[in-house]
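**Q** My questions are about this predicted structure, shown below with the sequence.
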Amino acid sequence: MRYRIWRVVVFLLALFPPLLWLYMGLTQQLGPDPGKVLVDNLGQGALVLLLLTLSMTPLRRLSAWGGWIAVRRQLGLWCFTYVLLHVAGYLTFILGLRFDRLLDDLSERPYIIVGALAFVGLWLLALTSNHYSVRRLGARWRQLHKLVYVILVLGLLHMLWVVRSDIGEWVFYAVSGAALLMLRIPAVAAWLSARPGKVKSFRKALTAKSAGL
Amino acid sequence: MLIKVPLESAARESEITPESVYLSRRTFMAAAGGLAAMSALPLRAETSRYADVEAASNPAWFTEKLPGVQWGAVTAGDEALTPFKDATHYNNFYEFGTSKGDPARYADKLEVEPWTVMIDGEVAKPGPVSLESLVQPHRLEERIYRLRCVEAWSMVIPWLGFPLADLLKRAEPTSKARYVRFETKVAPEQMSGVRSGFSLIDWPYREGLRLDEAMHPLSIMAVGIYGRVLPNQNGAPLRLVVPWKYGFKSIKSIVRISLVAEQPATTWESLAPDEYGFYANVNPEVDHPRWSQATERRLPNSLFSPNVVPTKLFNGYDEVASLYSGLDLRKYY
């Protein structure tokens, strides 16, 4: 498998934060409400991973390095894993495993509904992220996985609804998300793809120049 | 001449206790014991009333009040106190940032001495009052209250304070006074949160109570916590504590108390009126639009025991119910 070390590095980097948070939570280093902190961290981590996943294609266009695409699926699956843990944490630490409360939340609270929709969407993408599904679905696979853009918007909305008064952090994520979506506009994407050539020719010109000197 | 060589083990003349002293031994012991006990008592009160309390350099006006404190004036039954460390390192005080750890990190920048409170509005005796003279006439009481945050977590905290009613009576509210409006200090150079360009809050932080709520014996002005002076992050040097309402009503670091005729516009109500009402009474039946208020997480908790407990109407302080008879608590939440 190509880029094996790179894949392993990404795997370990994504695995590390939840283990650290769990350890800190178990040793009372996350403050008096560790469950809530764990749930918040996992949600935020999932958003970061989603943005990273969406950065891989533009980075590939920009740099012509195949390593970006080699870890794209892995990052997407990590995002789903974080969301799965985020939901499990919410059920355990916030609701205290009272499932009647879950039904109330799902029927009454828009931000929970939006979060749940994003969760279901990610689940669909995770289920169809294997080679068999790619082959089986053919052209429809691409269509289905465009759902990731909808999931990003739902995720940002879910976070915005949690913010109480200071939207600085949210604005950072929203601007990053918007920028990544804009890089998918065909004209912008084409311009990005033209970059590697330019970088190469720039580098060539530079070497030629220094050789001439 | 008879020369006596005493045995090495024999008692010397100087070692023999006179009979009168021997007979008064019990009196002596009792007196010494009493002295020892008396010298130990104030020490206990100052240093080890509660475990793991960070020592404070209590200001003079506070130290003068300590001997007269009525300890345990209100208790929380058999409920365990939240450890000092948690009550002082898990705070909402947005003037210092929105994260729970920000207040403990940054609030030491707040200058709490000297401190003046402006009392104005519909009162016979308006004017600025120094903190010392504000606290001076009052005996401090320890009130152990449950504190319920609107974010669905709760703590049990021993406050030191005095009834707000006593303070208001000194200012002599006029017949026009129907509400009390409070304001927190705003000092951007001392408060990192106030300097944030992304905050939606229109400083200063404002809160309010109906006059009869303010006069209720449970409403107190607190100057201390866990037997010591208030740490800055907990609202030093003077804060409100209204135990049957969500925590955000209990405004911190007060610099202005105004008696007014109309219901004041308060910070959270102005920001999101559908989420934070003026009354903000703890009520398990009225959910926050984003989460249920039926239960709360009693802190500290752990991953093994999330400690989710049912929330009680008025946070369990049923004695305030009569204040709201005839009021629709869903509409006036």
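**A** That came through fine. Residues are numbered from 1 along each chain as shown, chains lettered A, B, ... in the order given.
**Q** how far does stretch B:57-70 stretch from start to finish?
**A** 21 Å (CA to CA, to the nearest Å).
**Q** contacts for it?
**A** B:42, B:45-46, B:113, B:131-132, B:135-136, B:139-142, B:160, B:223-224, B:228-229, B:237 (CB atoms under 8 Å, 6 or more residues apart in numbering or on different chains). For every residue, glycine as well, the C-beta is placed using N, CA and C.
**Q** Not counting its neighbours along the chain, what's nearest residue A:3?
**A** Once flanking residues are discounted, residue A:3 sits nearest to residue A:70: 4.3 Å by CB to CB, 6 or more residues apart in numbering or on different chains.
**Q** who are the neighbours in contact with whichever residue of the stretch 1-150 of chain B sits closest to chain A?
**A** Going by CB to the nearest CB, chain A is nearest to residue B:86 of the stretch 1-150 of chain B, at 3.8 Å. Contact partners of residue B:86, counting by CB under 8 Å, 6+ apart, are A:31, A:32, B:155, B:299, B:300.
**Q** Now the residue lying closest to residue B:232 once chain neighbours are set aside. Its backbone dihedrals?
**A** Leaving aside its chain neighbours, residue B:232 sits nearest to residue B:107 (3.8 Å; criterion: CB to CB, 6+ apart). Main-chain dihedrals, residue B:107, degrees, to the nearest 10: phi -70, psi -10.
**Q** Contact partners for residue B:107?
**A** By CB under 8 Å, 6+ apart, the neighbours of residue B:107 are B:93, B:96, B:231, B:232, B:233.
**Q** distance of residue A:166 from residue B:216?
**A** Counting by CB to CB, to the nearest Å, the separation of residue A:166 from residue B:216 is 33 Å.
**Q** again, but for residue A:3
**A** In terms of CB to CB, residue A:3 sits 68 Å off from residue B:216.
**Q** Settle it for me: which of these two has more neighbours?
**A** residue B:216 (21 against 16; other CB atoms under 10 Å in any protein chain shown).
**Q** Pretty sure that one sits against residue B:320.
**A** Yes - taking contacts as CB atoms under 8 Å, residue B:216 lies within contact range of residue B:320: 6.1 Å.
**Q** what about stretch A:125-145, how long is it end to end?
**A** Stretch A:125-145: ends 6 Å apart by CA to CA.
**Q** And the contacts of that stretch?
**A** A:73, A:76, A:77, A:80, A:124, A:147, A:148, A:151.
**Q** tell me the contacts of the second one?
**A** Taking CB under 8 Å, 6+ apart as the contact definition, residue A:76 lies against A:49, A:50, A:53, A:125, A:126, A:129, A:148.
**Q** Let's see that with 7 Å instead.
**A** A:53, A:125, A:129 (CB atoms under 7 Å, 6 or more residues apart in numbering or on different chains).
**Q** Just the ones in strands from those residues, please.
**A** When those are checked against strands (DSSP state E), there are no matches.
**Q** Which ones among the residues you listed lie within helices?
**A** For the contacts of residue A:76, membership in helices holds for A:53, A:125, with DSSP state H as the criterion.
**Q** Let me have the contacts of residue A:76 in TSV, adding pLDDT as columns.
**A** Formatted as TSV, these follow (pLDDT from 0 to 100):
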residue	pLDDT
A:53	97
A:125	96
A:129	92
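**Q** Where is pLDDT lowest across the contacts of residue B:86?
**A** Among those, residue A:31 carries the lowest pLDDT, at 91.
**Q** Neighbours of that residue, how many?
**A** Around residue A:31 there are 18 residues (other CB under 10 Å).
**Q** I'd like to check which residues are in contact with the closest residue to residue A:109 other than its chain neighbours.
**A** Excluding the flanking residues, the one nearest residue A:109 by CB to CB, 6+ apart is residue B:290, at 5.9 Å. By CB under 7 Å, 6+ apart, the contact set of residue B:290 is A:109, A:111, A:161.
**Q** Most neighbours among those residues, which one?
**A** Counting neighbours by other CB under 10 Å, the top entry in those is residue A:109, with 19 neighbours.
**Q** Now the two most distant members of the contacts of residue B:107.
**A** B:96 and B:231 (11.9 Å; CB to CB).
**Q** Can you tell me which residues in the stretch 101-250 of chain B are near chain A?
**A** Contact residues, the stretch 101-250 of chain B versus chain A (CB under 7 Å from any CB of the partner chain): B:153, B:196, B:198, B:199, B:200, B:201.
**Q** Just those: which are in strands?
**A** Short answer: those in strands (DSSP E) are residue B:153.
**Q** What subset of the residues of the stretch 101-250 of chain B next to chain A is buried?
**A** Among those, the ones that count as buried by 16 or more other CB atoms under 10 Å in any protein chain shown are B:153, B:196, B:199, B:201.
**Q** how about the residues you listed, which pair is most distant?
**A** Going by CB to CB, the pair spanning those furthest: B:153 and B:196, at 23.3 Å.
**Q** can you pull out the strands in chain A?
**A** Using DSSP E, strands in chain A do not occur.
**Q** Residue numbers of it in contact with chain B?
**A** Counting by CB under 7 Å from any CB, chain A sits next to chain B at A:25-26, A:28, A:31-35, A:92-93, A:96, A:101, A:104-105, A:109, A:111, A:161, A:165-168, A:171.
**Q** still on that earlier bit, looking at the contacts of residue B:290, which are in helices?
**A** Short answer: the contacts of residue B:290 in helices (DSSP H) are residue A:111.
**Q** Same list, the contacts of residue B:290, but as CSV with pLDDT please.
**A** Below are the contacts of residue B:290 laid out as CSV (pLDDT from 0 to 100):
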residue, pLDDT
A:109, 89
A:111, 90
A:161, 87
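**Q** could the contacts of residue B:290 be laid out in TSV, adding distance to residue B:262?
**A** Shown next, in TSV, are these (distance: CB to CB, whole Å):
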residue	distance to residue B:262
A:109	33
A:111	34
A:161	32
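**Q** which one of the contacts of residue B:290 is nearest residue B:313?
**A** Using CB to CB, those come closest to residue B:313 at residue A:109, 21.6 Å.
**Q** mind checking which helix or strand of chain B has the lowest mean pLDDT?
**A** Lowest by mean pLDDT, DSSP states H and E among the helices and strands of chain B is helix B:25-47, with a mean of 54.
**Q** Just send the contacts of residue B:107 back as a markdown table, with distance to residue B:123 and neighbour count too.
**A** Output for these, formatted as a markdown table (distance: CB to CB, whole Å; neighbours: other CB atoms under 10 Å in any protein chain shown):
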| residue | distance to residue B:123 | neighbour count |
| --- | --- | --- |
| B:93 | 28 | 25 |
| B:96 | 31 | 25 |
| B:231 | 30 | 22 |
| B:232 | 28 | 24 |
| B:233 | 31 | 25 |
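**Q** Tell me the one of these nearest residue B:327?
**A** residue B:93 (30.0 Å).
**Q** ok, for that closest one, nearest residue in space, not its chain neighbours?
**A** Counting by CB to CB, 6+ apart, the residue nearest residue B:93 is residue B:103, at 4.0 Å.
**Q** The helix or strand containing the one you found: what's the following helix or strand?
**A** Assigned by DSSP states H and E, residue B:103 belongs to helix B:102-106. Going down the chain from helix B:102-106, the next helix or strand is strand B:116-121, by DSSP H and E.
**Q** what comes into contact with that next one?
**A** B:126-131, B:134, B:171, B:177, B:238, B:254-260.
**Q** Only the buried residues of that strand, if you could.
**A** Buried residues in strand B:116-121 (16+ other CB under 10 Å): B:117, B:119, B:121.
**Q** Does the closest residue to the first one other than its chain neighbours belong to a helix, a strand or coil?
**A** Closest residue in space to residue B:117, ignoring its immediate chain neighbours: residue B:129 at 5.3 Å, by CB to CB, 6+ apart. Following DSSP: H, G, I helix; E, B strand; the rest coil, the label given to residue B:129 is strand.
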